[in-house]
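Undergrad: the following comprises the amino acid sequence and a computationally predicted model.
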Amino acid sequence: QVQLVESGGGLVQPGGSLSLSCIPSGSINDIASMGWYRLAPGKRRDSVAEREMVAVIWKGGRTNYGDSVKGRFTISRDNADHMITLRMNSLKPEDTAVYYCVATGYNDRDYWGPGTQVTVSS
(Lines give C-alpha, C1' and ligand atoms only; values in the text may rest on other atoms or scores of the structure.)
Protein backbone atom coordinates (compact mmCIF):
# COMPACT_ATOMS: atom_id res chain seq x y z
CA GLN A 1 0.00 0.00 0.00
CA VAL A 2 1.06 3.53 -0.77
CA GLN A 3 -0.27 6.64 0.91
CA LEU A 4 0.02 10.07 -0.66
CA VAL A 5 -0.06 13.46 1.05
CA GLU A 6 -0.58 16.47 -1.18
CA SER A 7 0.03 20.13 -0.46
CA GLY A 8 -0.27 23.36 -2.37
CA GLY A 9 -3.07 24.52 -4.59
CA GLY A 10 -5.44 27.41 -4.02
CA LEU A 11 -6.61 30.47 -5.89
CA VAL A 12 -4.41 32.34 -8.35
CA GLN A 13 -4.96 34.96 -11.01
CA PRO A 14 -4.49 34.14 -14.69
CA GLY A 15 -0.82 34.29 -15.59
CA GLY A 16 0.22 33.46 -12.05
CA SER A 17 2.10 30.49 -10.63
CA LEU A 18 1.48 27.77 -8.09
CA SER A 19 3.31 24.70 -6.87
CA LEU A 20 1.88 21.37 -5.78
CA SER A 21 3.81 18.80 -3.79
CA CYS A 22 3.16 15.16 -2.97
CA ILE A 23 5.00 12.89 -0.55
CA PRO A 24 4.51 9.13 -0.65
CA SER A 25 4.76 6.74 2.28
CA GLY A 26 4.31 3.03 2.74
CA SER A 27 5.55 0.66 0.01
CA ILE A 28 7.68 3.28 -1.70
CA ASN A 29 9.94 0.72 -3.39
CA ASP A 30 6.88 -0.58 -5.27
CA ILE A 31 6.38 2.77 -7.04
CA ALA A 32 7.38 2.92 -10.69
CA SER A 33 6.17 6.43 -11.40
CA MET A 34 4.38 9.36 -9.82
CA GLY A 35 2.51 12.20 -11.31
CA TRP A 36 -0.46 14.49 -11.37
CA TYR A 37 -3.85 14.07 -12.97
CA ARG A 38 -6.63 16.59 -12.94
CA LEU A 39 -10.37 16.53 -13.12
CA ALA A 40 -12.38 19.46 -14.35
CA PRO A 41 -15.68 20.18 -12.59
CA GLY A 42 -18.25 17.48 -13.21
CA LYS A 43 -15.74 14.87 -14.37
CA ARG A 44 -15.43 11.44 -12.76
CA ARG A 45 -12.17 10.17 -11.32
CA ASP A 46 -12.94 6.55 -12.19
CA SER A 47 -13.33 7.38 -15.87
CA VAL A 48 -10.06 7.06 -17.77
CA ALA A 49 -11.56 9.18 -20.54
CA GLU A 50 -12.46 12.03 -18.20
CA ARG A 51 -9.27 12.39 -16.22
CA GLU A 52 -6.42 14.32 -17.76
CA MET A 53 -2.79 13.40 -17.31
CA VAL A 54 -0.89 16.54 -16.37
CA ALA A 55 2.64 15.30 -15.75
CA VAL A 56 4.39 12.06 -14.82
CA ILE A 57 7.92 11.31 -13.68
CA TRP A 58 9.41 7.85 -13.67
CA LYS A 59 11.98 6.52 -11.23
CA GLY A 60 14.72 6.91 -13.81
CA GLY A 61 13.85 10.58 -14.18
CA ARG A 62 12.00 10.45 -17.49
CA THR A 63 9.06 12.83 -17.64
CA ASN A 64 5.93 13.18 -19.71
CA TYR A 65 3.50 16.06 -19.94
CA GLY A 66 -0.02 16.56 -21.19
CA ASP A 67 -0.18 18.64 -24.35
CA SER A 68 -2.11 21.44 -22.68
CA VAL A 69 0.60 22.08 -20.07
CA LYS A 70 3.81 21.57 -22.02
CA GLY A 71 6.15 24.51 -21.65
CA ARG A 72 4.22 25.85 -18.64
CA PHE A 73 4.39 23.09 -16.02
CA THR A 74 7.45 21.30 -14.67
CA ILE A 75 7.50 18.13 -12.60
CA SER A 76 10.46 17.25 -10.44
CA ARG A 77 11.38 14.75 -7.77
CA ASP A 78 13.45 14.94 -4.61
CA ASN A 79 15.26 11.63 -4.39
CA ALA A 80 15.86 12.04 -0.67
CA ASP A 81 12.24 11.85 0.41
CA HIS A 82 10.61 10.83 -2.90
CA MET A 83 8.55 14.02 -2.88
CA ILE A 84 7.40 15.24 -6.26
CA THR A 85 6.67 18.85 -7.08
CA LEU A 86 4.62 20.31 -9.90
CA ARG A 87 5.55 23.87 -10.70
CA MET A 88 2.75 25.53 -12.65
CA ASN A 89 3.49 28.78 -14.48
CA SER A 90 1.40 30.96 -16.79
CA LEU A 91 -1.77 29.53 -15.34
CA LYS A 92 -4.98 29.84 -17.35
CA PRO A 93 -8.62 29.64 -16.28
CA GLU A 94 -8.87 26.30 -18.07
CA ASP A 95 -6.28 24.90 -15.65
CA THR A 96 -8.95 25.10 -12.94
CA ALA A 97 -9.52 21.59 -11.63
CA VAL A 98 -8.96 19.23 -8.75
CA TYR A 99 -5.41 17.96 -9.03
CA TYR A 100 -4.64 14.44 -7.83
CA CYS A 101 -1.26 12.99 -7.03
CA VAL A 102 -1.07 9.46 -8.41
CA ALA A 103 1.54 6.79 -7.78
CA THR A 104 1.70 3.82 -10.13
CA GLY A 105 3.24 0.58 -8.99
CA TYR A 106 5.28 -1.85 -11.06
CA ASN A 107 2.14 -4.01 -11.11
CA ASP A 108 0.25 -1.09 -12.72
CA ARG A 109 -1.82 -0.51 -9.61
CA ASP A 110 -2.68 3.16 -9.05
CA TYR A 111 -2.76 4.94 -5.73
CA TRP A 112 -4.53 8.29 -5.56
CA GLY A 113 -4.14 11.17 -3.16
CA PRO A 114 -7.21 13.00 -1.82
CA GLY A 115 -6.89 15.82 -4.36
CA THR A 116 -6.27 19.53 -4.08
CA GLN A 117 -8.23 22.33 -5.71
CA VAL A 118 -6.56 24.75 -8.11
CA THR A 119 -8.64 27.71 -9.19
CA VAL A 120 -7.41 30.20 -11.76
CA SER A 121 -9.61 33.27 -11.76
CA SER A 122 -9.42 37.02 -11.63
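TA: Now that the structure is in, tell me what you want to look at.

Undergrad: show me what the residue nearest to the spatial centre of the chain is bridged to.
TA: Centroid-nearest residue in the chain: residue 36, 1.8 Å away (criterion: CA atoms, centre = their mean). With beta bridges defined as DSSP bridges, residue 36 has these partners: residue 55, residue 101.

Undergrad: hang on, it packs against residue 54?
TA: Yes. Because the distance of 4.3 Å satisfies CB atoms under 8 Å, residue 36 is recorded as touching residue 54. Placement of C-beta: from N, CA and C, glycine included.

Undergrad: name the residues contacting each of the two.
TA: Here residue 36 and residue 54 share the contacting residues 86, 99, scored by CB atoms under 8 Å, 6 or more residues apart in numbering.

Undergrad: how about stretch 42-50: buried residues?
TA: By neighbour count, with 16 or more other CB atoms under 10 Å as the criterion, stretch 42-50 contains no buried position.

Undergrad: er, stretch 13-20 I mean
TA: So stretch 13-20, judged by 16+ other CB under 10 Å, has buried residues 18, 20.

Undergrad: ok, and what's touching it?
TA: So stretch 13-20 is contacted by 6-10, 12, 36, 85-93, 99, 101, 116, 118, 120-122 (CB under 8 Å, 6+ apart).

Undergrad: try 10 Å this time
TA: For stretch 13-20, contacts defined as CB atoms under 10 Å, 6 or more residues apart in numbering pick out 6-12, 36, 54-55, 72-76, 84-95, 99-101, 113, 116, 118-122.

Undergrad: from those, list the buried ones, please.
TA: Applying a neighbour-count criterion of 16+ other CB under 10 Å, the buried members of these are 6, 8-9, 12, 36, 54-55, 73, 75, 84-88, 91, 95, 99-101, 113, 116, 118, 120.
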